[in-house]
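>>> Quick one: sequence plus predicted model below, questions after.
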Amino acid sequence: MYKAKDQEIINRISKTVDSSCNIDNELFKSFNVKRGLRNEDHTGVIVGLTKVGDVVGYERDEDGKLTPIPGRLIYRGISLEDIVKGAQKENRLGFEEVVYLILSGNLPNKEELSEFSSMMSRTMDLNPKIVMHILDLVGTDIMNYLSRCVLELYTFDDTPDDTTPENLIKQSINLVATFPTIVAYAHNALRHDQGKSLHIRHPQPDLSLAENFLYMMKGHHYTPLDVKILDLALMVHADHGGGNNSTFTVRVTSSTGTDTYSAIAAGIGSLKGRLHGGANLKVIDMLKMIKTTIKDWTNVEEIDNLLQKILKKEAYDKTGLIYGIGHAIYTISDPRTVLLKEMARELAIEKGREAEFDFYSLLEERAIHNFMEIKGKNVNKQVCANVDFYSGFVYDMIGLPQEIYTPLFAMARIVGWSAHRIEELNFKQKRIIRPAYKNAAEIREYTPIDNR
């Protein structure tokens, strides 16, 4: 704890932040600086090349004009929709196939997929010392638990700093396999701290990664459809190109030559942020408010009135944002939302929550309509529901607690992080990522301490 005098110093310095850290927005234009690495048309500034994944929301013509198109998410050159539909057509789970594809660059055949899936399941068990450490951790945020455990894995790796392809793949598979176990055990430890019974269930070698996670979280209290939709959620979150903040963080840190565990821990820290992976929690909170405020979930006029108040900064947190609507790249549709929504309807029927699903669907439609009516011309961009709009509803129907929603994101995205790290380290010409910042401060004379 800080002493009273220490707090005075902190308060005094903090009062200077507005003046010392304020940079006029006009300076970005005058210096031609891309704020947040974004162009004027909201697209990202290209800063690198990747073969791992691609996120598509526009088509650009010969004159450079952008035309919105239905969103596409591509893993190693293959459409995510095709991967998902292929697995669903054959009535099998698909996350392990996605892991193999993203890490290797190739789709596995039946034998390769079977062997890889078995290896993944066998790798899910944690070193007993790490399990005991998880049980001893103090805190309330599982993302912090996850980050600390990842850094501790460094000490149990015989060759943690080895960056040969073989070792990087081994480390990646180990991380993908153990993330669900760490998250499940951290959640159980957190529940125990809150006075509830402690359950430590070891992952089973004959279960998929998705089913093992549900088993470790809930015992046998889940359905086959629960497993299928969790598997789908992991598939759609596995990668999102090199430009998303957490993946870029992993690539930046990897470019320095640091170890895998430090780079991945940095990615976790990024994903935790409320403007990135943590955004789903804001969506959930807002949707709860809307559900309790709207008396008739089928009344379009009542829904529109509330949404318009939110957009005009008269309701909810008065930011003018409808959380879960809009995306930096996707315009007409977010392919992850489309896929998740299709199975969410099926799950809602199983759980007896069809009316709630219908309300979400209507709310999505009216939110987009009202946004375009009130703000569309100003932002000059079409919007769609992003994946966060339905993911919380899906997790809730499965029976998963809110505190693991962002860790679930990390459980999937560790796949993309690992592949992008390997790609970054495999460049023939090694070069640290070092963007330039333009200094906007005026030059001043130094004042001797007696004259200040």
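Happy to help now that I have it.

>>> check contacts around residue 229.
Contact analysis of residue 229 by C-beta atoms under 8 Å, 6 or more residues apart in numbering lists 340, 343, 344, 347, 394, 398. All C-beta spots, glycine's among them, are computed from the backbone N, C-alpha and C.

>>> all helices for the stretch 1-150 of the chain, in order.
Taking DSSP state H, counting those that start in this stretch as the test, the helices found in the stretch 1-150 of the chain are 4-14, 17-20, 25-30, 80-89, 95-104, 110-122, 128-136, 142-153.

>>> For the ones you listed, give me TSV that also has mean neighbour count and mean pLDDT.
As requested, the helices of the stretch 1-150 of the chain are exported to TSV (neighbours: other C-beta atoms under 10 Å; pLDDT from 0 to 100):
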stretch	mean neighbour count	mean pLDDT
helix 4-14	10	86
helix 17-20	8	84
helix 25-30	10	87
helix 80-89	17	98
helix 95-104	23	97
helix 110-122	14	96
helix 128-136	14	90
helix 142-153	21	95
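
>>> thinking again about what came up before, among the contacts of residue 229, which one sits closest to residue 182?
Relative to residue 182, the closest of the contacts of residue 229 is residue 398; by C-beta to C-beta it sits at 19.1 Å.

>>> Tell me the spacing between the closest one and residue 319.
Distance from residue 398 to residue 319, counting by C-beta to C-beta, to the nearest Å: 29 Å.

>>> Residue 416 too?
Distance of residue 416 to residue 319, given as C-beta to C-beta: 29 Å.

>>> neighbour-wise, which of these two wins?
Using other C-beta atoms under 10 Å, the more surrounded residue of residue 416 and residue 319 is residue 416, with 27 against 11.

>>> Name the surrounding residues that touch stretch 351-364.
Stretch 351-364 is contacted by residues 287, 290-291, 294, 297-298, 300, 303, 307, 325, 341, 344-345, 348, 385, 389-390, 393, 397 when judged by C-beta under 8 Å, 6+ apart.

>>> Just the buried ones from those, in PyMOL syntax?
Filtering the contacts of stretch 351-364 down to the buried ones (16 or more other C-beta atoms under 10 Å) takes a single PyMOL command:
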select buried, resi 287+290+294+297+303+307+325+341+344+348+385+389+390+393+397
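
>>> OK, contacts around residue 303?
294, 362, 363, 366.

>>> Which helix or strand lies directly C-terminal to the helix or strand encompassing the third one?
Assigning secondary structure by DSSP states H and E places residue 363 in helix 354-374. Using DSSP H and E, the helix or strand that follows helix 354-374 in sequence is helix 376-379.

>>> ok and the helix or strand just after that next one relative to helix 354-374, angle-wise?
Going down the chain from helix 376-379, the next helix or strand is helix 388-398, by DSSP H and E. Angle, helix 388-398 to helix 354-374, by axes from the mean of the first three to the mean of the last three C-alpha atoms, to 10 degrees: 170 degrees.

>>> and for helix 388-398, what are the contacting residues?
Here helix 388-398 makes contact (C-beta under 8 Å, 6+ apart) with 214, 222, 226, 229-230, 233, 279-281, 283-284, 287, 323-325, 337, 340-341, 343-344, 347-348, 351, 353, 356-357, 360, 364, 402, 404-405, 408.

>>> Same check on stretch 78-92?
Outside stretch 78-92, the residues within contact range by C-beta under 8 Å, 6+ apart are 72-75, 93-94, 97-98, 101, 107, 232, 235-236, 335-336, 338-339.

>>> and the residue most central in space within the chain, what helix or strand is that in?
Nearest residue to the geometric centre of the chain (C-alpha atoms, centre = their mean): residue 277, 3.7 Å. For residue 277, there is no enclosing helix or strand under DSSP H and E.

>>> Same check on residue 345?
In this assignment (DSSP H and E), residue 345 forms part of helix 335-351.

>>> Report how many residues lie close to residue 42.
16.

>>> hey, C-alpha coordinates of stretch 146-157 in PDB?
Listed next in PDB are the C-alpha coordinates belonging to stretch 146-157 (Å, rounded to 0.1, in the frame of the first residue of the first chain):
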ATOM      1  CA  LEU A 146      -3.500 -17.900 -17.900                       C
ATOM      2  CA  SER A 147      -0.700 -15.400 -18.600                       C
ATOM      3  CA  ARG A 148       1.100 -16.400 -15.400                       C
ATOM      4  CA  CYS A 149       0.800 -20.100 -16.100                       C
ATOM      5  CA  VAL A 150       2.200 -19.600 -19.700                       C
ATOM      6  CA  LEU A 151       5.200 -17.800 -18.300                       C
ATOM      7  CA  GLU A 152       5.700 -20.600 -15.800                       C
ATOM      8  CA  LEU A 153       5.600 -23.200 -18.600                       C
ATOM      9  CA  TYR A 154       9.000 -21.800 -19.700                       C
ATOM     10  CA  THR A 155      10.600 -23.300 -16.600                       C
ATOM     11  CA  PHE A 156       9.200 -26.800 -17.400                       C
ATOM     12  CA  ASP A 157      10.500 -26.700 -21.000                       C
END
